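Here you go, sequence then predicted model.
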Amino acid sequence: MTAVTAAPAARAARPRHLAGTGTLWRLALRRDRLLIPAWVLTLGLSVTAVGASFEAVYDTAAQRAGLAASMNHSGAMRALYGPVFSDSVGGLVAWRMAGFGAVLAAVMSLLIVVRHTREEEETGRQELLSAAMVGRRAPLTAALLTALLANALLAALIAGGSVLSGRPAAGSLALGLAIGGTGTLFAGLAAIAAQLTESARLAKGLTGAVLGFAFALRAAGDAATAAASSPLTWASPIGWSENLRPYAGERWWPLLLFAAATALAVAAAYALTARRDLGMSFLPARPGPAAAPRSLGGAFGLAWRLQRTTLLGWTLAFLCAGAVFGGIAQGASDLVGGNQRTREIVERMGGQQNLTEAFLATMTGLLGMVAALYAAGAVLRLRGEETGERAEPVLAGAVGRLRWAGSHLAIAYGGSAVILASGGLGLGLAHGVSVGDPGGQLGPVLAAALSQVPAVWTLTGLAVLVFGLLPKATPAVWALVGGCLAIGWIGPSLKFPSWAMNLSPYGHLPKLPGAEVTAAPFVWLTALSALFLLLGLAGVRRRDIG
């Protein structure tokens, strides 16, 4: 073949790798017609709502300046929320939502990308599609375009809503791009994880671990300096998000970091997908033993085998997080100093007891809210088994529906208690060692962590209810859990009314350690969880599987 004829042939061969991208993209958008709007509207409107709350609660410049000074004075608060760069309403919105919104946008993106790449391969649907005129890179491209569109819509909604609320256009655009840019970057990282791992669950877990590490780096860096200038902060994409400094003399050049990192991640994902067979991975699972253990002879043994790695990872993460926060609890009084406004915020989050106990109560509450994410994922594993057509072979034997569902739910309910106990253990021991009384501090702090169990179980029961009665709406479970997390995270500092705080089951629990305890909230929440569980299992028993 001559060079003249070879060049057009090479150019014609390249587009074949992307053949069918448009069709797959439309299919992805059709499948995510509820998931993407739910995420975008919930997160985008939350930014607008936070701005309205700040305007109502801190309606004078002096109040906003006092709040900003209070937050920047406390290293613990900077670790949780980041520094405040401006005491304007827009600056306070960016302080509360730049990091928090970036994390949620990253979660949205990793769910979208993994769903349309590794999950499609795992279920065998991608093999059927690839038998037609579908290019090798088309599925990955369609997934990335879907995530890109979702983040673009999110950025536009945040920027547009902020401008309509009367805040400066430049800061509004910077805030939208900060959150959307973080989501887009993690879409690229999720694409890499989808090539490395052999299952959607592992791909989500790996990307989630990277996200957690990025948040930890940002928290450590912001705790060290009040200007977000620590190398640890700059090592985290979430740190880039806050360093755009919306409404505080915007820095536009960190967008180049997002663009460069996203381009590298996407290029790496494309290079990896070109070097593996469909359905394979670069980190394959180890071959199992020649004979299955006796534990796999039952439904519970199978459920435990499927979920044990996830439970172990969450348990270790909670243990480490508890130890970190327990180590700084004794210094809460020094960090706050005599600043009354910071003290009031900590007390609203953790109760009216002494400041150290209020800080510990805040941390146990945070662990409880995050534990609901694990519980929801463990429940929705049932939906994954169902849609992946792995439930039908199990149910075709001597295993009934309730036994099959109950096996996974036992791990969801029991596992949430285990990870909370792990977090309480790390928190109590680290705090006890720091004050020289590990034996005396461990018991109350561990009990405080376990007191969050009824609230976690209530959300777990709600997830079972949705799975049993409205299985196609199971993605909405993440929005419900995220809403409760948002109420607990931003409600105290914005002085949400009691009815709004009570929308979350966590709002009904006593703030332990230190607060007075009555049995009523624990009994009512446990009863509500049991009701949700029974109704959900009744739905599983009556509806079609699949």
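Thanks, I have it.

Give the buried residues for stretch 468-485.
Buried residues in stretch 468-485, defined by neighbour count with 16 or more other Cβ atoms under 10 Å: 468, 471, 474-478, 480-482, 484-485. Where you see a C-beta, it was placed from the backbone N, CA and C, and this is true even at glycine.

End to end on it, go ahead and measure it.
23 Å (Cα to Cα, to the nearest Å).

Not counting its own residues, what contacts it?
34-35, 38-39, 42, 104, 107, 111, 369-370, 372-373, 376, 379-380, 383, 386, 459, 462-463, 466-467, 503-506, 535-540, 543 (Cβ atoms under 8 Å, 6 or more residues apart in numbering).

Take these and keep only those in helices.
Mapping these onto helices (DSSP state H) picks out 35, 38-39, 42, 104, 107, 111, 369-370, 372-373, 376, 379-380, 383, 386, 459, 462-463, 466-467, 535-540.

Mind checking which of the residues you listed are buried?
Neighbour counting with 16+ other Cβ under 10 Å marks 35, 38-39, 42, 104, 107, 111, 369-370, 372-373, 376, 379-380, 383, 386, 459, 462-463, 466-467, 536-537, 539-540 as buried within those.

which ones are touching Val266?
Val266 neighbours (Cβ under 8 Å, 6+ apart): 144, 188, 191.

same thing but at 10 Å, please
By Cβ atoms under 10 Å, 6 or more residues apart in numbering, Val266 lies in contact with 140-141, 144, 148, 184-185, 187-189, 191-192.

Same check on Ser529?
So Ser529 contacts 413, 453-462, 464-465, 505 (Cβ under 10 Å, 6+ apart).

likewise Ala378?
Counting by Cβ under 10 Å, 6+ apart, Ala378 has contacts 303, 306-307, 310-311, 314, 408-416, 460, 463.

Of those, just the buried ones, PyMOL syntax please.
To isolate the buried ones among the contacts of Ala378 in PyMOL, judged by 16+ other Cβ under 10 Å, type:
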select buried, resi 303+306+307+310+311+314+408+409+411+412+413+415+416+460+463
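
Just the contacts of Ala378: which are in helices?
Among the contacts of Ala378, the ones falling in helices (DSSP H) are 303, 306-307, 310-311, 314, 408-416, 460, 463.

which sections of the stretch 301-450 of the chain are below the confidence cut-off?
Residue ranges of the stretch 301-450 of the chain with pLDDT under 70: 328-354.

go on, the stretch 1-150 of the chain?
Scanning the stretch 1-150 of the chain for pLDDT under 70 picks out 1-15, 74-76.

And the helices in it?
With DSSP state H, counting those that start in this stretch, the ranges of helices along the stretch 1-150 of the chain come out as 3-16, 21-31, 35-57, 61-73, 75-81, 89-116, 118-123, 125-130, 138-164.

So for the third one, what gets flagged as buried?
Buried residues in helix 35-57, counted by 16+ other Cβ under 10 Å: 35-36, 38-40, 42-44, 46-51, 53-55.

Then the fourth one?
Counting neighbours by 16+ other Cβ under 10 Å, one finds that the buried residues in helix 61-73 are 64, 66-68, 70-73.

what secondary structure does Thr518 sit in?
Assigned state for Thr518: coil (three-state reduction, DSSP: H, G, I helix; E, B strand; the rest coil).

Got the confidence number for it?
Listed pLDDT for Thr518 reads 87.

The residue nearest the centre of the chain: what's it in contact with?
By Cα atoms, centre = their mean, the chain has its centre lying nearest to Val107, at 5.2 Å. Contact analysis of Val107 by Cβ under 10 Å, 6+ apart lists 39, 43, 183, 186, 190, 204, 207-208, 211, 373, 478, 482.

one more time with 7 Å
In this structure, Val107 makes contact with no residue, judged by Cβ atoms under 7 Å, 6 or more residues apart in numbering.

just to revisit the earlier point, between the contacts of Val266, which is closest to Ala155?
Minimum distance to Ala155 across those is 9.0 Å, recorded for Thr184 (Cβ to Cβ).

Which helix or strand contains the closest one?
Element membership for Thr184, per DSSP states H and E: helix 169-196.

quick one: buried residues of whatever helix or strand comes next after that helix?
Scanning forward in sequence from helix 169-196 by DSSP H and E, the next helix or strand is helix 200-224. For helix 200-224, the buried set under the neighbour-count rule, 16+ other Cβ under 10 Å, comprises 200-208, 210-211, 214-223.

Just the residues contacting helix 200-224, thanks.
75, 78-79, 82-83, 99, 103, 106, 110, 114, 118-119, 122, 186, 189-190, 193-194, 196-197, 228, 230, 232-233, 235-239, 310, 313, 317.

could you redo the last one with a cut-off of 6 Å?
With contacts defined as Cβ atoms under 6 Å, 6 or more residues apart in numbering, helix 200-224 is touched by 75, 78-79, 82-83, 106, 110, 114, 118-119, 122, 189-190, 193-194, 197, 228, 230, 232-233, 235-239.

What of stretch 147-162?
With Cβ under 6 Å, 6+ apart, stretch 147-162 has contacts from 36, 40, 44, 47-48, 109, 112-113, 172-173, 175-177, 180, 183-184, 187.

cool, and stretch 36-51?
93, 96-97, 104, 108, 150, 153-154, 157-158, 161, 165, 479.

Using PDB, write out the CA atom coordinates for it.
Extracted C-alpha coordinates of stretch 36-51, given in PDB (Å, rounded to 0.1, in the frame of the first residue of the first chain):
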ATOM      1  CA  ILE A  36     -28.900  13.300  37.100                       C
ATOM      2  CA  PRO A  37     -31.700  15.800  37.600                       C
ATOM      3  CA  ALA A  38     -32.100  14.600  41.200                       C
ATOM      4  CA  TRP A  39     -28.400  15.200  42.000                       C
ATOM      5  CA  VAL A  40     -28.100  18.400  40.100                       C
ATOM      6  CA  LEU A  41     -31.300  20.000  41.400                       C
ATOM      7  CA  THR A  42     -30.600  18.900  45.000                       C
ATOM      8  CA  LEU A  43     -27.000  20.100  45.100                       C
ATOM      9  CA  GLY A  44     -27.600  23.200  43.000                       C
ATOM     10  CA  LEU A  45     -30.600  24.400  44.900                       C
ATOM     11  CA  SER A  46     -28.800  23.700  48.200                       C
ATOM     12  CA  VAL A  47     -26.300  26.400  47.400                       C
ATOM     13  CA  THR A  48     -29.000  28.900  46.800                       C
ATOM     14  CA  ALA A  49     -30.800  27.800  50.000                       C
ATOM     15  CA  VAL A  50     -27.600  28.200  52.000                       C
ATOM     16  CA  GLY A  51     -27.200  31.700  50.700                       C
END
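
And it, how far out from the chain middle?
15 Å (Cα atoms, centre = their mean, to the nearest Å).

Stretch 239-256 too?
For stretch 239-256 - counting by Cα atoms, centre = their mean - the centre lies 23 Å from the chain centre.

Same check on stretch 125-137?
Per Cα atoms, centre = their mean, the centroid offset for stretch 125-137 relative to its chain is 31 Å.

mind checking the end-to-end distance for that stretch?
16 Å.

residues of that stretch that come out buried?
Quick answer for stretch 125-137 (16+ other Cβ under 10 Å): 126, 129-130, 134-137.
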